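In: from the sequence below, what's the structure:
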Amino acid sequence: MNAPPAPPSPRAVALVATATLLEALRSRLGWLLAATGLLALVSCAFAASLALTESGRMQAALSGSAIRIAWVFVFTLHVTGSLVRDLNERGFEHWLALPVSRSAWVLGRAAGFAAAAAAACAALWIPMAALSAPGPAAAWCLGLFAELVVMASAATFFALSLGHLAAAAALAAGFYLLARSLDALRLIAHAGEALTPGPLLDVLRAGLDLLAWLLPALSRYGGSSWLVDAVPPAAALAALLGAALAQSALLLAAALVDFHRRAL
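Out: Model (predicted):
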């Protein structure tokens, strides 16, 4: 009978997290995020210039949407590629040869990715504050940070479970698209409940409701409306951040269970 895994050492977690953050800096992740953000800003500025009225609000809304989608996919691909490379090149075994447990390695990687996401969102606050206002930009960046943390945890689960870059990236992209559109899909399904009854549609609605319990509602993690309209109160932002951390913990727990079963 195998002994239960030892609890991760905070020092080991911090060591792996620091190495993960340095890897993000050396892999030019920051420059890639900056390039995609600049491209989105220029493209949206051109689109907003075609508007007859409220071009500033339109530029802020378009830029917020474009940068969010681009950064989520770039950051998720970085997390997936980094972990799959570690698995395929057996790089994680060098850590396990040190006094670093599997749990400490996974949690350290997750903490390092979260630190990289926090640094990226903090830098993004400056141009977004210029487009909107400091308060709405800060709330929007906090929502983006929560979304990046959840997607980093999902990418960790898929990468460690599959060990294949294309498959893990495809599943992470599908996870994001479904979690982002789930509220809209449920609204459409239940809006026509009285008009189109039927057992097949009832099963579909029940399936969407079940997915709503399992997947994070990423559409509530901030949108362009935060930049141009009302900003949620501080209590709502704190609840959103707590929900993101809870969802990330569940995904990391699932990744740890699968990773502990991996034969070295």
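In: now do the helices in the stretch 101-250 of the chain.
Out: With helices called from DSSP state H, counting those that start in this stretch, the stretch 101-250 of the chain shows them at 102-131, 134-162, 165-191, 199-214, 225-228, 234-260.
In: and the shortest one, average pLDDT?
Out: In other words, helix 225-228. Per-residue pLDDT over helix 225-228 has a mean of 78.
In: what's it packed up against?
Out: helix 55-88, helix 134-162 (3 or more Cβ pairs under 8 Å, 6 or more residues apart in numbering; DSSP states H and E). To be clear about C-beta, it is placed using only N, CA and C from the backbone, and glycine gets the same treatment.
In: ok, the second one next?
Out: Packing contacts for helix 134-162, counted by 3+ Cβ pairs under 8 Å, 6+ apart, involve helix 55-88, helix 102-131, helix 165-191, helix 225-228, helix 234-260.
In: gap between it and the chain center?
Out: 3 Å (Cα atoms, centre = their mean, to the nearest Å).
In: between helix 55-88 and it, find me the angle.
Out: Note on geometry: by axes from the mean of the first three to the mean of the last three Cα atoms, to 10 degrees, helix 134-162 and helix 55-88 are set 30 degrees apart in direction.
In: show me what counts as buried in helix 134-162.
Out: Taking 16 or more other Cβ atoms under 10 Å as the neighbour-count basis, helix 134-162 is seen to contain the buried residues 136-162.
In: for the stretch 151-264 of the chain, which spans come out with low pLDDT?
Out: Applying pLDDT under 70 to the stretch 151-264 of the chain picks out residues 192-198, 263-264.
In: mind running it again at 90?
Out: Scanning the stretch 151-264 of the chain for pLDDT under 90 picks out the ranges 163, 178-240, 243, 257-264.
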